[in-house]
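> A structural model of the following input is requested.
(2 chains)
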Number of protein chains: 2
Amino acid sequence: MADEKNEGVLARWGEGLKAKSSSLKAKVVELLRKTKKLAKDDPRRIVHSFKVGLAITLVSLFYYFEPLYDGLGASAMWAVLTVVVVFEFSVGATLGRGLNRVLATSLAASLGFGAHFLADLAGDKAQPVILSLSVFFFATITTFIRFFPRIKARYDYGFLIFILTFCLVSVSGYRDDEILQVAYRRALTILLGTFIAILICLFICPVWAGDDLHSLVSNNIQLLANFLQGFGVQYSNESKEDELLEGCKSVLTSRQTEESLVNFARWEPRHGPFKFRHPWKQYQKIGSLTRQCAYRLESLNNYLVTETQTPLHIRDRLMKSCSKMSIESSNALEDIASDLRTMTQPTFPNPHIEKSKAAMKDLKAALKIGPGDGDIDLLEIVPIATVASLLIDTISCIEKIAESVGELGSLANFKCVEAGKSSDLELEQEHQKLPTSAIVNDHCHVVIVD
Amino acid sequence: MADEKNEGVLARWGEGLKAKSSSLKAKVVELLRKTKKLAKDDPRRIVHSFKVGLAITLVSLFYYFEPLYDGLGASAMWAVLTVVVVFEFSVGATLGRGLNRVLATSLAASLGFGAHFLADLAGDKAQPVILSLSVFFFATITTFIRFFPRIKARYDYGFLIFILTFCLVSVSGYRDDEILQVAYRRALTILLGTFIAILICLFICPVWAGDDLHSLVSNNIQLLANFLQGFGVQYSNESKEDELLEGCKSVLTSRQTEESLVNFARWEPRHGPFKFRHPWKQYQKIGSLTRQCAYRLESLNNYLVTETQTPLHIRDRLMKSCSKMSIESSNALEDIASDLRTMTQPTFPNPHIEKSKAAMKDLKAALKIGPGDGDIDLLEIVPIATVASLLIDTISCIEKIAESVGELGSLANFKCVEAGKSSDLELEQEHQKLPTSAIVNDHCHVVIVD
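Sure thing, here's the model as predicted:
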């Protein structure tokens, strides 16, 4: 009896264990799948992780080798700390943080010394009071300055480090009589750490924020082209592809990343086809026009979903020109995207824009309704009429995008068409595979709630 | 002669100086104006700056008082460092960073000790190799983990601190024989710093991310209501107010801030009318529906600008119902916004939504065109027909918003109408003055290119 009972308990226990282990197994498999996807979406993530590992291991060598350690002492810690906080995904972000850190540290350290010596002169009793007051004053002012939007965009980290260093130097000085030497060692290790981080970031498979910005903006235009292409075909077929719409929606959410990338790219030196003062801000202009266009396309999509009750004879009349317009617009966008990608000055006027304008004229003619058409419920025509009017809007949007890409071309001296599109496809091949979502995830402070 | 020449030079010099000083003066005035605006837009910024100043000054006291300093020694530095990096604008953000820091430090320190003792066992020669390998391994893995979007959203800072502490502890152990004591002191000061930061953040004029999220979401609905109100009036008057459109556009760009605020709010304890597990994520749902509605309203605006060439007799017929619909929709949105603000369960069905649906029926009837209307160019009718169809879409959007606010109400036990709207206006008064742009600027990593 007791044996049977025991066996029963054991069996149940075993089953529970089995169930738990199988759910654990499912979780592990899921985790592995996600990890693989993360790595596959952008393999540079793996390289980046190894680069960080390498940089930290390198600076930790300071501890192991006698001669290095003897020079720096416990300050070697600051090199590790610096590498960990300064090393970012792209060269621009790393340079920005590194420069912020070095400049802010130097400035704050000098001011901190100033405060320390002033307090020293004031005598033993007044010293803590003066130090406290100066710490309070600088911390308050600096914290407020960090609210200025422009400062926040490019120098937020610098101001944080400024408060930190100022407090550390001025206050430590109260206890540490060798403060000059300590500060010198710390500054040296911070400089060393920054240097190593920048070096590794810059010379081992560098990730340029500028490159990513360039491909993000041209990808986005390409996504709109794909959507319009699909729309032209689907609008006759009544089928709908979610993927194209997703592409269009991802364009709408890329603003923040674009802005970060512009800020990072401005720190970057000359690389590839981009000069030091490449007009990065122009990309933001193109990006915002692209998003305006994407809004219109998203609305278009609503009318694809709406069950159209348009009378057939009117519908057929309009359908052909609408289809033509969207396909020509799509070709125009494709041209613009490829010109941008290959850094070729776009041709004016774009032949596809001209063709879609011609289709627009046909459409406008087709929109005339005579008494011969009989009774008409305007609401039934609204969907297709709206599609027509949105497409007309889209063309003017595309013209603006073409113009702003042209502006970028003249600002950045894009090559002219004669130079040949065929020969310069390196850029085109490099980043094309990266989806917009991967670039967004890499560079932005992604805030996702599970 | 020489004198004259000198005088000439002096005069020019003086003029140059005057010009420079006047341009400097203009710049200073501009800076002061901006500073004043920044403080006026959200006075909590000033309070926050003083709070940071106070917290840092408090922890720096450790250096001045013998008994405190004797216990902590040079580790007191870590308290200052912790306060500077942990102290954020809202309670939620500070709690999140603080908890991340404390947990990551403890975990990493224990692992670091483990690595250190393992390496110790392996003998003098193997020790640096084992330490280096473990640092490389953990740094690489942790860096990769930070790419997972969910981790990045809530635990990014924790993982950063994890790498940092692990490296410091395992590597310092190689040199410092009193590592246990050093680590104990550091952990203590980090705990102390976090504690002081959280205390001051929590008890001196706390800024709750939850409150800001609550008012951001209800403000946004209110902005749409204002826009529609203005639209209903203007559509008859043909005038246009940029301010209303700006409000509508600011709704479109608030996604990132909403997401940050949800993440912060989830760290916050019970406060005001919000319980610990208040359904913060539901706000995100309401927010995204609000943005969908805002897209439609932005498109509406295009048709306000378009010079309408609609034949007058059709126009007049439609205008009245369009105006009625938009004003009733606006009232419905206003109801929803005020219900959300005062945390009152909204009534179903909303009377204004019903009224605007009635107006919709009138509109649909008015959209019928008979042969009596003569020749019609559809393109001329498109603008007003599109306005009509967008307004119809808007109503279904508003219904969805009302539904999701109702869901929030039942999840968070909003009070029923009978409890009286008049008595609970505290919440309504508190944050109403804060513009959306101020909240966005306060909480988001604003990335603005000058």
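
> separation between the residue of the stretch 201-350 of chain A found nearest chain B and residue B:253?
Across the stretch 201-350 of chain A, the shortest distance to chain B (C-beta to the nearest C-beta) belongs to residue A:259, at 4.0 Å. From N, CA and C alone the C-beta is placed, and that goes for glycine too. Going from residue A:259 to residue B:253 by C-beta to C-beta, to the nearest Å gives 11 Å.

> higher neighbour count, the two?
Shown here are residue A:259 and residue B:253; by other C-beta atoms under 10 Å in any protein chain shown, residue A:259 has more neighbours (20 against 16).

> And that one, which helix or strand is it part of?
helix A:255-265 (DSSP states H and E).

> Determine the number of other residues adjacent to residue A:6.
10.

> pLDDT at it, what is it?
Residue A:6 carries a pLDDT score of 72 in this model.

> Distance-wise, check residue A:126 relative to chain B.
Look at residue A:126 and chain B: by C-beta to the nearest C-beta, to the nearest Å, they are 12 Å apart.

> Name the nearest residue to that residue, ignoring sequence neighbours.
Closest residue in space to residue A:126, ignoring its immediate chain neighbours: residue A:119 at 7.3 Å, by C-beta to C-beta, 6 or more residues apart in numbering or on different chains.

> Do I have it right that the one you found meets residue A:127?
Yes - between residue A:119 and residue A:127 there is a contact under C-beta atoms under 8 Å: 4.5 Å.

> more neighbours, these two?
With neighbours defined as other C-beta under 10 Å, residue A:119 and residue A:127 compare such that residue A:119 has more, 22 against 18.

> check contacts around that one.
Applying C-beta atoms under 8 Å, 6 or more residues apart in numbering or on different chains to residue A:119 gives the contacts A:126-128, A:130-131, A:134, A:170, A:173-174.

> Repeat that for residue A:222.
With C-beta under 8 Å, 6+ apart, residue A:222 has these contacts: A:333-334, A:337.

> check which helix or strand covers it.
Here residue A:222 is assigned to helix A:209-237, by DSSP H and E.

> quick one: that helix to helix A:255-265, angle?
Relative orientation of helix A:209-237 versus helix A:255-265 (axes from the mean of the first three to the mean of the last three C-alpha atoms, to 10 degrees): 150 degrees.

> Who are the packing partners of the helix or strand just after helix A:209-237?
Sequence order places helix A:242-252 as the next helix or strand after helix A:209-237, per DSSP H and E. When contacts are defined as 3 or more C-beta pairs under 8 Å, 6 or more residues apart in numbering or on different chains; DSSP states H and E, helix A:242-252 packs onto helix A:209-237, helix A:280-305, helix A:436-443.

> so how far is the second one from its chain's centroid?
It refers to helix A:280-305. Centroid separation for helix A:280-305 versus its chain: 17 Å, with C-alpha atoms, centre = their mean, to the nearest Å.

> Buried residues, that helix. List them.
Of the residues in helix A:280-305, A:280, A:282-287, A:289-291, A:293-304 count as buried by neighbour count, 16 or more other C-beta atoms under 10 Å in any protein chain shown.

> Tell me the residues of the stretch 1-150 of chain A that contact chain B?
A:34, A:38, A:45-46, A:48-50, A:52-54, A:56-57, A:60-61, A:63-64, A:69, A:74, A:77, A:80-81, A:84-85, A:128, A:131-132, A:135-137, A:139-141, A:143-144, A:147-150 (C-beta under 8 Å from any C-beta of the partner chain).

> which among those residues end up buried?
A:38, A:45-46, A:48-50, A:52-54, A:56-57, A:60, A:63-64, A:69, A:74, A:77, A:80-81, A:84-85, A:128, A:131-132, A:135-136, A:139-140, A:143-144, A:147-148.

> Settle this for me: the residue of the stretch 201-350 of chain A closest to chain B is touching residue A:283, isn't it.
No - with contact defined as C-beta under 8 Å, residue A:259 does not count as touching residue A:283 (10.1 Å).
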